[in-house]
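Visitor: Predicted model follows, preceded by the sequence.
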Amino acid sequence: MSFGTSSRRSANFIGLNLDRRQLIGGLGVGCLSLVAGPAVIGRALAQAPRWTADPFSLGVASGGPRPDGFVLWTRLAPDPLSANPANPGGMTGGDVPVAYEIAGDEAMRDVVRRGVADAEAAYGWSVHVDVAGLLPGRPYWYRFLCGDAVSRVGRAMTAPAAGAPVERMRFGFVSCANYEHGYFSAYRHLADENPDMVLFLGDYFYEYVEEIRPTVRRHSDGIEAATLPTYRNRYAQYRLDADLQRLHAQTPALVTWDDHEVANDYADRWSQFNDDPDLFLRRRAAAYQAFYEHMPVRPILSRPDGPVMRVYDRFAFGDLLEISMVDGRQYRSRPACYAAPDRLRGHLESDAACAERREAGRSMLGLAQENWLGLGLARSKAKWNVIAQDVLMAQLRQTMPNGDFGFWTDDWDGFPASRRRLLQRIAQTRVPNPVVIGGDIHAFFANDLRVDFDDPKSPVVATEFVGTSISSAGPPYDVFAAALPDNPHVRFFESRKRGYVSVDVDAKQMTTRLRAISDAADPKASVSTLKTFAVENGRAGVVEA
Ligand code: FE
Ligand code: CA
């Protein structure tokens, strides 16, 4: 316990004990706001905390860029890995007002906005500031202040105005960061590339504890996360990683999730080992709340309601780029064809043995989200339309021991009717330059997406790039490599490297660099470009650059 307020001082305070006048003078704004009303200032004063440990230990993040604003995030956690569930992050008591400053320069001299937002006790003392009224298409810098503590400075950005001409943008996309499997050098190298933003496509952490594969560092609690306190600790441990924390501070984030933010291979209310959907929904509610508490998502959109939380959202960047962030887990149909003993786990399913997989009513996104996605893409006037989601979309058929083709039920191969509907709609509504990006499979893929993957004459209607894992162990190379002749739309595959993908977009083309780190077990790993691909304006499909 290292948090207290001026009215509840405890003996273990070693921080400065400023009196009220010193607090105002010394901090400038402190937990106060020059634009806030007297009531807010009064409350901030009454609660102005003195800290014995940095309450901003988890860093800062920005996200959700819109033409007039963005979301700023932090979470007060002076004891980030608190073992006491009653004091998450080492905090007790009620909401704490936290001041924020937004500036036009990195040195924070040209402050354009000051305000106060609550660190909400009900949400683990996280802060989500939904800022509006700023200028479009430019970077801003920000920091938080509370009592005698000041956070590091982060960078945010506003999106260009709707339809405004934009010459180029750069974004990175990442997935699958298993803390136990390796260091986060990939995050460090992506931050060094100074992208406009980073897209987190899921498996931001792993809920389980590794018991089989080699590890280079361990989850601090040694237990599988399944409750709100244990999910919180997982996020906190990952956010203490210097590379991830710096990436968030420097780079605005767009976020969605995959399975491991909750539990392996879950789909809606169905999970691998838990046969009781109601019980699993309680676990999902805890996981979703912890996700909310740690991500720079819009509170008005994403504040969870029990096990329900909306993360899918759309972001437009002038006339150049529109990104649909998609939720591939919450609204899924039940996994096709049970496989004992793991019940609903993803598995290789023989085509002949499982007609359920091909049923027309099955959906990866749920019908409401499918519609939202299809309508948004049809309406988009952007030159490039990125569909950012969690798993491999292209078909990947593998020959099974019985000679039949097998399909993995946990990615889009488990929902082929849903995939066909989406790709058909993209073709029919002539979506400009549709590009699908994903993760989950711990391997790089570059794919041509066809409405009918079994017919090589079926037109290529979209392009797909899948990023390898940040650190999570990859699948066996030989198994997938052997399947490539049966999947001619797969133009590139590599599962032996860890890394990320860096994307440069301009009017003529989208250039995609597959970036590989030298060794996930080396905290100082170097990075190199494994392969560069392009997509040309007006022509779907992978082109070697
Ligand atoms: Fe993963
Ligand atoms: Ca996954």
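Guide: Yep, it's here. Ligands and ions are numbered 1, 2, ... in the order given.

Visitor: Quick check, Ala481 in contact with Phe493.
Guide: Yes: using Cβ atoms under 8 Å, Ala481 is in contact with Phe493, at 6.8 Å. Any C-beta I mention is one placed from the backbone N, CA and C, and that applies to glycine too.

Visitor: Of those two, which one has the most company?
Guide: Phe493 (19 against 12; other Cβ atoms under 10 Å).

Visitor: beta partners of the more buried one?
Guide: Phe493 has the following beta-bridge partners by DSSP bridges: Phe445.

Visitor: That one contacts Ile441, doesn't it?
Guide: No: contact criterion Cβ under 8 Å: Phe493 and Ile441 do not qualify, at 9.7 Å.

Visitor: how about the residues of the stretch 401-545 of the chain near ligand 2?
Guide: Asp440 (Cβ under 5 Å from the ion).

Visitor: Buried residues in stretch 368-378, which are they?
Guide: Gln369, Glu370, Trp372, Leu373, Gly374, Gly376, Leu377 (16 or more other Cβ atoms under 10 Å).

Visitor: ok, Asn194 - contacts?
Guide: For Asn194, the contact set (Cβ atoms under 8 Å, 6 or more residues apart in numbering) comprises Arg170, Gln250.

Visitor: Let's see that with 10 Å instead.
Guide: Contact partners of Asn194, counting by Cβ atoms under 10 Å, 6 or more residues apart in numbering, are Arg155, Arg170, Gly172, Gln250, Thr251.

Visitor: mind checking the SS state of it?
Guide: Classification of Asn194 by DSSP: H, G, I helix; E, B strand; the rest coil places it in coil.

Visitor: Arg170 versus that one, what's the distance?
Guide: Between Asn194 and Arg170 the computed distance is 8 Å (Cβ to Cβ, to the nearest Å).

Visitor: what does Cys337 give?
Guide: Separation of Cys337 from Arg170 (Cβ to Cβ): 42 Å.

Visitor: Local confidence estimate at the residue nearest to Thr529 when sequence neighbours are not counted?
Guide: Closest residue to Thr529 apart from its sequence neighbours, by Cβ to Cβ, 6 or more residues apart in numbering: Arg513 at 5.0 Å. Model confidence at Arg513, given as pLDDT, is 98.

Visitor: from what I can see Asn178 touches Thr215, true?
Guide: Yes: with contact defined as Cβ atoms under 10 Å, Asn178 counts as touching Thr215 (8.9 Å).

Visitor: Are there residues contacting both of these two? Which ones?
Guide: Both Asn178 and Thr215 are in contact with Ala473, where contact means Cβ under 10 Å, 6+ apart.

Visitor: Neighbour count for these two, which is higher?
Guide: Taking neighbours as other Cβ under 10 Å, Asn178 and Thr215 compare with Asn178 leading, 26 against 17.

Visitor: In a helix, the more buried one, correct?
Guide: No: membership of Asn178 in a helix is not supported by three-state DSSP, which gives coil.

Visitor: Tell me which residues touch it, please.
Guide: By Cβ under 10 Å, 6+ apart, Asn178 lies in contact with 184, 203, 205-206, 208, 210, 213, 215-216, 219, 238, 260, 442, 469-473, 498, 520.

Visitor: Quick check: the gap between it and Pro523.
Guide: Using Cβ to Cβ, one obtains 15 Å as the distance from Asn178 to Pro523.

Visitor: Tyr100 is in contact with Val129, correct?
Guide: Yes: here Val129 reaches Tyr100: they are 5.8 Å apart, a contact under Cβ under 10 Å.

Visitor: ok, back up a step: filter the contacts of Asn194 to the buried ones?
Guide: Buried among those (16+ other Cβ under 10 Å): Arg155, Gly172, Gln250, Thr251.

Visitor: what's the most distant pair in those residues?
Guide: Using Cβ to Cβ, the pair of those lying farthest apart is Arg155 and Gly172, separated by 14.3 Å.

Visitor: quick one, helices of the stretch 51-200 of the chain?
Guide: Along the stretch 51-200 of the chain, counting by DSSP state H, counting those that start in this stretch, helices occupy 185-192.

Visitor: Where does it get nearest to ligand 2, residue-wise?
Guide: Cys176 (6.7 Å; Cβ to the ion).

Visitor: Once you drop chain neighbours, what's closest to that residue?
Guide: Cys176 sits nearest to Ser469 (Cβ to Cβ, 6+ apart), 3.5 Å away.

Visitor: Model confidence score at the one you found, please.
Guide: pLDDT, Ser469: 99.

Visitor: cool, and the one 4 residues further on?
Guide: The per-residue pLDDT reported for Ala473 equals 97.

Visitor: how about the CA coordinates for stretch 80-99, as PDB?
Guide: Output of stretch 80-99 as PDB, limited to C-alpha atoms (Å, rounded to 0.1, in the frame of the first residue of the first chain):
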ATOM      1  CA  PRO A  80       1.200  -2.400 -10.000                       C
ATOM      2  CA  LEU A  81       1.400  -6.100  -9.100                       C
ATOM      3  CA  SER A  82      -0.500  -5.800  -5.800                       C
ATOM      4  CA  ALA A  83      -1.200  -9.200  -4.500                       C
ATOM      5  CA  ASN A  84      -4.200  -7.900  -2.600                       C
ATOM      6  CA  PRO A  85      -7.400  -8.000  -4.700                       C
ATOM      7  CA  ALA A  86      -9.000  -5.400  -2.500                       C
ATOM      8  CA  ASN A  87      -6.200  -2.900  -3.400                       C
ATOM      9  CA  PRO A  88      -5.800  -3.200  -7.200                       C
ATOM     10  CA  GLY A  89      -2.500  -1.500  -8.200                       C
ATOM     11  CA  GLY A  90      -2.100  -0.500  -4.500                       C
ATOM     12  CA  MET A  91      -5.100   1.800  -4.500                       C
ATOM     13  CA  THR A  92      -7.900   2.100  -2.100                       C
ATOM     14  CA  GLY A  93     -10.900   4.500  -1.500                       C
ATOM     15  CA  GLY A  94     -12.900   6.400  -4.100                       C
ATOM     16  CA  ASP A  95     -12.400   8.000  -7.500                       C
ATOM     17  CA  VAL A  96      -9.300  10.200  -7.700                       C
ATOM     18  CA  PRO A  97      -9.200  13.400  -9.900                       C
ATOM     19  CA  VAL A  98      -6.200  13.400 -12.200                       C
ATOM     20  CA  ALA A  99      -5.200  16.500 -14.200                       C
END
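
Visitor: Now do the same for it: mean pLDDT, whole number.
Guide: Here the average pLDDT along stretch 80-99 is 95.

Visitor: With stretch 354-361 instead?
Guide: 96.

Visitor: Straight-line length of it, end to end?
Guide: 15 Å (Cα to Cα, to the nearest Å).

Visitor: Close to ligand 1: what parts of the stretch 201-350 of the chain are there?
Guide: Asp203.

Visitor: which bits of the stretch 201-350 of the chain sit near ligand 2?
Guide: So the stretch 201-350 of the chain meets ligand 2 at Asp203, Asp258, Asp259 (Cβ under 5 Å from the ion).

Visitor: let's see it at 6 Å
Guide: Asp203, Asp258, Asp259, His260 (Cβ under 6 Å from the ion).

Visitor: isn't the second one right up against Asp203?
Guide: Yes: taking Cβ under 10 Å as the definition, Asp258 is a contact partner of Asp203 at 4.8 Å.

Visitor: Spit out the residues that contact the two alike.
Guide: Counting by Cβ under 10 Å, 6+ apart, the residues touching both Asp258 and Asp203 are Ser175, Cys176, Asp390, Gly439, Asp440.

Visitor: Three-state assignment for the third one, please.
Guide: Following three-state DSSP, the label given to Asp390 is coil.

Visitor: returning to what we had before: now the buried residues of stretch 368-378 in a markdown table, with pLDDT, distance to ligand 1 and secondary structure?
Guide: Below are the buried residues of stretch 368-378 laid out as a markdown table (pLDDT from 0 to 100; distance: Cβ to the ion, whole Å; DSSP: H, G, I helix; E, B strand; the rest coil):
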| residue | pLDDT | distance to ligand 1 | secondary structure |
| --- | --- | --- | --- |
| Gln369 | 98 | 22 | helix |
| Glu370 | 98 | 24 | helix |
| Trp372 | 98 | 25 | helix |
| Leu373 | 98 | 23 | helix |
| Gly374 | 98 | 27 | helix |
| Gly376 | 98 | 27 | helix |
| Leu377 | 98 | 26 | helix |
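
Visitor: Kind regards, and thank you for your time.
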